[in-house]
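Enquirer: Return atomic coordinates for the entry below.
(8 chains)
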There are 8 protein chains.
Amino acid sequence: MSSIADTSTDKQPLIGIIMGSSSDWDIMKHAADMLSDFGVPHETLVISAHRMPADMAQYGAQAVRRGLRGIIAGAGGAAHLPGMMAALTPVPVYGVPVPSRYLRGEDSLLSIVQMPKGVPVATFAIGEAGAANAALHAIACMAVTEPALRDKLDAFRARQTEAARNMVVPPPGNDQTA
Amino acid sequence: MSSIADTSTDKQPLIGIIMGSSSDWDIMKHAADMLSDFGVPHETLVISAHRMPADMAQYGAQAVRRGLRGIIAGAGGAAHLPGMMAALTPVPVYGVPVPSRYLRGEDSLLSIVQMPKGVPVATFAIGEAGAANAALHAIACMAVTEPALRDKLDAFRARQTEAARNMVVPPPGNDQTA
Amino acid sequence: MSSIADTSTDKQPLIGIIMGSSSDWDIMKHAADMLSDFGVPHETLVISAHRMPADMAQYGAQAVRRGLRGIIAGAGGAAHLPGMMAALTPVPVYGVPVPSRYLRGEDSLLSIVQMPKGVPVATFAIGEAGAANAALHAIACMAVTEPALRDKLDAFRARQTEAARNMVVPPPGNDQTA
Amino acid sequence: MSSIADTSTDKQPLIGIIMGSSSDWDIMKHAADMLSDFGVPHETLVISAHRMPADMAQYGAQAVRRGLRGIIAGAGGAAHLPGMMAALTPVPVYGVPVPSRYLRGEDSLLSIVQMPKGVPVATFAIGEAGAANAALHAIACMAVTEPALRDKLDAFRARQTEAARNMVVPPPGNDQTA
Amino acid sequence: MSSIADTSTDKQPLIGIIMGSSSDWDIMKHAADMLSDFGVPHETLVISAHRMPADMAQYGAQAVRRGLRGIIAGAGGAAHLPGMMAALTPVPVYGVPVPSRYLRGEDSLLSIVQMPKGVPVATFAIGEAGAANAALHAIACMAVTEPALRDKLDAFRARQTEAARNMVVPPPGNDQTA
Amino acid sequence: MSSIADTSTDKQPLIGIIMGSSSDWDIMKHAADMLSDFGVPHETLVISAHRMPADMAQYGAQAVRRGLRGIIAGAGGAAHLPGMMAALTPVPVYGVPVPSRYLRGEDSLLSIVQMPKGVPVATFAIGEAGAANAALHAIACMAVTEPALRDKLDAFRARQTEAARNMVVPPPGNDQTA
Amino acid sequence: MSSIADTSTDKQPLIGIIMGSSSDWDIMKHAADMLSDFGVPHETLVISAHRMPADMAQYGAQAVRRGLRGIIAGAGGAAHLPGMMAALTPVPVYGVPVPSRYLRGEDSLLSIVQMPKGVPVATFAIGEAGAANAALHAIACMAVTEPALRDKLDAFRARQTEAARNMVVPPPGNDQTA
Amino acid sequence: MSSIADTSTDKQPLIGIIMGSSSDWDIMKHAADMLSDFGVPHETLVISAHRMPADMAQYGAQAVRRGLRGIIAGAGGAAHLPGMMAALTPVPVYGVPVPSRYLRGEDSLLSIVQMPKGVPVATFAIGEAGAANAALHAIACMAVTEPALRDKLDAFRARQTEAARNMVVPPPGNDQTA
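Expert: Numbers count the residues shown, from 1 in each chain, chains lettered A, B, ... in the order given. Model (predicted):
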């Protein structure tokens, strides 16, 4: 967290994408890509709950004032970043379980989703799908009160449905005879 | 889903709390109670994905028009209600894994959280805590643009912190001598 | 689901093989191959529960009228397609858990098999074996009233037994001395 | 398996319900009850794969000749009855994982569902729901060619949907104020 | 954490026993009892990572200065207290997975033990045994340089061995004849 | 292990039944009962791997000389007794996973069965069934060279088969009408 | 099982190594190699419980008469071969869980080890180590009454201990400086 | 354990790093490297609980006399080395679950962490992170009474925090445009 600057766009970030290590980027970039596709200003930072607890606390303390409308937090193993960020700010936190080396993200998932009553983390699937969906959910929350974003979301979903409808099996060129 | 009426307040519901069976109520009432505590108008209905798929589709199709700003869906076992509702409406869906008889909600959790890229369900802890937290997260999303709700949320969190700070161990009257 | 045409044979399909994405084909083709081996007319389509819910509902609504005698549905992760199809039609549904990236199909299996009382999905093994066996089970159900198919099934099982009986260990050419 | 007699009705049984021990009855009776509700002649027997392997082989060998159209097999722990019965007869086998004392049926489920390619067992949920659904699925398979049974199945599903639609939460008399 | 006072003895505490909620006391008292048995001054406090993050940070920041030689932290579910305390102070942290309602502490265990490289938490068994053992391990660490404590530890282990050696099976009065 | 005396019969014990604690007796007595039923001389002792490692080593060192033909070892949690005994003597070791409080014996099972190449522990089911079966397996091993024991084993199995064959469902008196 | 011939030595086999498919050979050869190292006559055959149930029954029925003193059975997934063989013969059965494609042998392990009271299968570790150890355990059982085999076993264990004692870390040539 | 010599430094070792096989070195070297980085004298040895139980007992018996202040023990599968060493010496034992071939260390973790009350093993994460953290925790315990080591630990943590703070995402050169 060398500096809290908007690393992605010139506009004031609405969503913060934070992760425990730069090695989480391959997963978390799917959240950033989705926000970029929707034109939602966002920032991407490494904030390690375990190695940078003071920075984490500061980030949480400033989240409201900085105008963040959501924080997407990814971490793996004993994944404490999403839950701690949820403890540090009333801004909604979206948790992404990053796959771990040996337990493939089962530890990450349980560490994020099993929060006690009173401090929620909205949790998504392990890995790439979860990162993209955390962004989509944050977008959907904002779209409730922003018609332009709702239109984009509707268009996204329509395109997605169309793409699925155009899938053909067996794949063309794959011959199968009955 | 005999009728989509606001069963809880006189105001137009902002949040729909739906569940697969009336037997889920013991868990899901924790979501309703939380929304009631915050004065958020909501409705509570049984919509079974597997026994009432047409009603489910209709509920999803009307969610935007009816002004819902979030849908909290609880289900157990092969829990399809949250994910299907997310497929049926762009309104944000919050999923609550209801504990199952033999697998204690592990099946419910995986059936809800492991959604594919493109159709997110924000998932919370198994059981009571998850139901309450789904409501709290929906509130937090709305609070981003509604200062009055933010104030209530801040007060809730302050009370919660105070309650934790007042906890004493060993409990008073529990004598322990070193 | 660009069109519900018999993609495999000229005859009216008796079995529908549906899957959530074209990426499921590598698994699901084992169902199609088995049906082809038995000369059972079938169709293969992508129907995504989450991205094409209306198409899914339509497919389910027409299944009886179209003369389908079984639907083999494969999906991975939060696998809702088999269970939802079972909710949409009285035609028997055979579920195939497609292996997921991080949890290897444990999530798929639980999402498919743990259906509530009243809406069954006949579930098979994770992956290729499950796809082939779903087809074999559908064939066995039809064979109960169709002697010609029963003969083919008996022959298949006899060949299978013979192939197993001819297996030799250590494999020839693999020398082992005691 | 003191005698293969129709223990339930005077008609020739169409479905055999077998289980590894009389202690499985509390679960498996949900299959028998469902078949009774639909008027499907059936028999109920204890056949232990591990303690009565010869009887099991005999039962399998006679299944086709005796006119069985399906065999519902329940077992717990290292549950081999469904898979072995599927090896012994081409009659479709429906497997029900009976909850085990310490592992709650996880062992039963995997022992039943993970069959190798070539010998399918249609598997259902752990416990009561699975037993009822195995019966329902067998009924649905027969209903494909028997209009009267299809009518009963349609009526069952309509009643089931109606019952779900009539569920009200909070339950009447349960006061909740917002 | 109404006040950081030595709640157990008059001496300056050497070990802090902290837990996320007063409901964890039934488990964590086994740590306190063990320290009391060895005459190790300690304090017991509720510090919730999620509801009292600022208090948690303060407690960590003061741990060295206050002379703590170890911190035993218990928590359940998404158990972040041990790992966060380890991030906040170089004082050794001993983690106790408290059993959770639905997952029996599997979530607690993974949330505590799977810490990333650089920030260790010494983790013990789920529940009562783990709490007692966390205390015993902290005692053993101090005993390395404190002969009096080593003597007590040796005596404890000798008594424990003697108690096991005196166990008789079948229990006296339980008649068994061969 | 106050004394290695034959606690069950006057004859020299052939099988040693050892367990980590007297609290394991409720499970392990099923092994003792089975041996008693077959008239196999045996001894029952508490030997804790963790609290009595020297006694454990001594027991292992004397096992051959004392004429033991098998050692049945039960333990729970981090269950090291069976594997360590297997390391200490060439006498065959039969391991029984005793159910643990929170993980129901999953930890016990893996701790016992996953032995490295070179030091086998023959492992049986979690709990009562596993204890009885460990005894039965040890009996079967001895029966290979002892015709009298083989006769008893054959009789046992015949009775067991007969008992299963006599099971009737629905249980008599349990009325069920189709 | 094209023929029950001693495929490994000229002597009458004492141990039968059976497996569900020739694809299990890579695992099961570790059992054969171990028996060969000890000079124990054995046979290796493919006997599929699901594809060759009649051959399986015949093999079990002849096991005593053929002089087998143990049967090592390996299988993967819904692994029924070991348990069914144990039901078919009083000859001791040693089960080897073969790793499965998606669940890595967890299904195989539970399908083999969780046998009901009365029909034991001595179970070993998943994979190569389990195959070798099943052979070693069978050898140990025979060694109890055969001094020559006991001597070989003692020598094997001494060599094994010596090999472990000669292990050096860091490995020579691996430079590490403190 | 060909000889208990300080294989790493000229100084008397303070920490023993032991492991069940030389194949564990790739994981356990992360413990050795960490101790080397802090200049803590240590030794590294292979001590197999199952193949070298007498050496293990001797090592444990001498640990206090030899001045060891901690023993880091790594093992995989049925991992008994850490727990048995804890039974053999009052010197604190730090357990490292080495990943196993098929279960990825879940068996190792449970075998190490689930110790019974009275004999603690401080357990760390599966694999490399756990090995490094076991060393760090042992260092932290010693640092409590050794200011020079505390200074090194503080410096380590400061560097670690700085390294995390300098992480930038997207990685430089990775272009992403919003």
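Enquirer: A:Ser21 and A:His50, how far apart?
Expert: 10 Å (Cβ to Cβ, to the nearest Å). For every residue, glycine as well, the C-beta is placed using N, CA and C.
Enquirer: Residues that sit against both of those two, list them.
Expert: Common contacts of A:Ser21 and A:His50, defined by Cβ atoms under 8 Å, 6 or more residues apart in numbering or on different chains, comprise E:Pro116.
Enquirer: between those two, who's got more neighbours?
Expert: Higher neighbour count among A:Ser21 and A:His50: A:His50, with 29 against 22, using other Cβ atoms under 10 Å in any protein chain shown.
Enquirer: Tell me the pLDDT of that one.
Expert: At A:His50, the predicted lDDT confidence score is 98.
Enquirer: That one: which element?
Expert: Using DSSP states H and E, A:His50 sits within no helix or strand.
Enquirer: pretty sure it contacts E:Gly118?
Expert: Yes. With contacts counted by Cβ atoms under 8 Å, A:His50 reaches E:Gly118, the gap being 7.1 Å.
Enquirer: hmm, whichever helix or strand A:Leu153 is part of in reach of chain B?
Expert: With elements taken from DSSP H and E, the one containing A:Leu153 is helix A:147-165. Yes. In terms of Cβ under 8 Å from any Cβ of the partner chain, part of helix A:147-165 sits within range of chain B, namely A:Arg150, A:Leu153, A:Asp154, A:Arg157, A:Gln160.
Enquirer: Out of those residues, which is nearest to G:Met28?
Expert: Within the set of these, A:Gln160 lies nearest G:Met28; the separation is 47.9 Å, counting by Cβ to Cβ.
Enquirer: Quick check: residues of chain A near chain C?
Expert: Counting by Cβ under 8 Å from any Cβ, chain A comes close to chain C at A:99, A:104-106, A:125-127, A:129, A:160-161, A:163-171, A:174, A:176-178.
Enquirer: Let's see that with 7 Å instead.
Expert: A:99, A:104-105, A:125-127, A:160-161, A:164-167, A:169-171, A:176-178 (Cβ under 7 Å from any Cβ of the partner chain).
Enquirer: Make a ChimeraX selection of the buried ones in those.
Expert: Selecting just the buried residues from those in ChimeraX takes one command, with 16 or more other Cβ atoms under 10 Å in any protein chain shown as the test:
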select /A:99,104,105,125,126,127,160,161,164,165,167,169,170,178
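Enquirer: Which members of the residues of chain A next to chain C occur in helices, if any?
Expert: Using DSSP state H, the subset of the residues of chain A next to chain C located in helices is A:Gln160, A:Thr161, A:Ala164, A:Arg165.
Enquirer: Quick one: those residues as CSV, columns for pLDDT too.
Expert: As requested, those are exported to CSV (pLDDT from 0 to 100):
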residue, pLDDT
A:Gln160, 97
A:Thr161, 98
A:Ala164, 98
A:Arg165, 98
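Enquirer: Looking at those residues, which is nearest F:Ile112?
Expert: Distances from F:Ile112 to these, taken as Cβ to Cβ, are shortest for A:Ala164 (48.1 Å).
Enquirer: low-confidence ranges in chain A?
Expert: With pLDDT under 70 as the threshold, chain A has low-confidence stretches at A:1-10, A:174-178.
Enquirer: Neighbours of whichever residue of it sits closest to chain D, how many?
Expert: Residue nearest to chain D within chain A: A:Glu106 (15.0 Å; Cβ to the nearest Cβ). A:Glu106 has 22 neighbouring residues, counting by other Cβ under 10 Å.
Enquirer: And A:Gly67, how far from chain H?
Expert: Separation of A:Gly67 from chain H (Cβ to the nearest Cβ, to the nearest Å) stands at 17 Å.
Enquirer: Next: A:Val46.
Expert: A:Val46 is 4 Å from chain H, where distance means Cβ to the nearest Cβ.
Enquirer: any idea how far that residue lies from A:Ser36?
Expert: On the measure of Cβ to Cβ, A:Val46 and A:Ser36 end up 19 Å apart.
Enquirer: got the contact list for A:Pro82?
Expert: Under the criterion of Cβ atoms under 7 Å, 6 or more residues apart in numbering or on different chains, the neighbours of A:Pro82 are A:Ala73, A:Ala75, A:Val93, A:Gly95, A:Ile112, A:Val121.
Enquirer: Columns secondary structure and distance to G:His42 on top of these, output as CSV?
Expert: Formatted as CSV, the entries for the contacts of A:Pro82 read as follows, by DSSP: H, G, I helix; E, B strand; the rest coil; distance: Cβ to Cβ, whole Å:
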residue, secondary structure, distance to G:His42
A:Ala73, strand, 58
A:Ala75, strand, 52
A:Val93, strand, 61
A:Gly95, strand, 55
A:Ile112, helix, 51
A:Val121, coil, 57
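Enquirer: now, which of the residues you listed sits nearest chain C?
Expert: Nearest to chain C among the contacts of A:Pro82 is A:Ile112, at 14.0 Å by Cβ to the nearest Cβ.
Enquirer: tell me, how many neighbours does the spatially closest residue to the closest one that is not a sequence neighbour end up with?
Expert: Spatial nearest neighbour of A:Ile112, chain neighbours left out: A:Gly95 (4.1 Å); criterion: Cβ to Cβ, 6 or more residues apart in numbering or on different chains. When counting by other Cβ under 10 Å, one arrives at 31 neighbours for A:Gly95.
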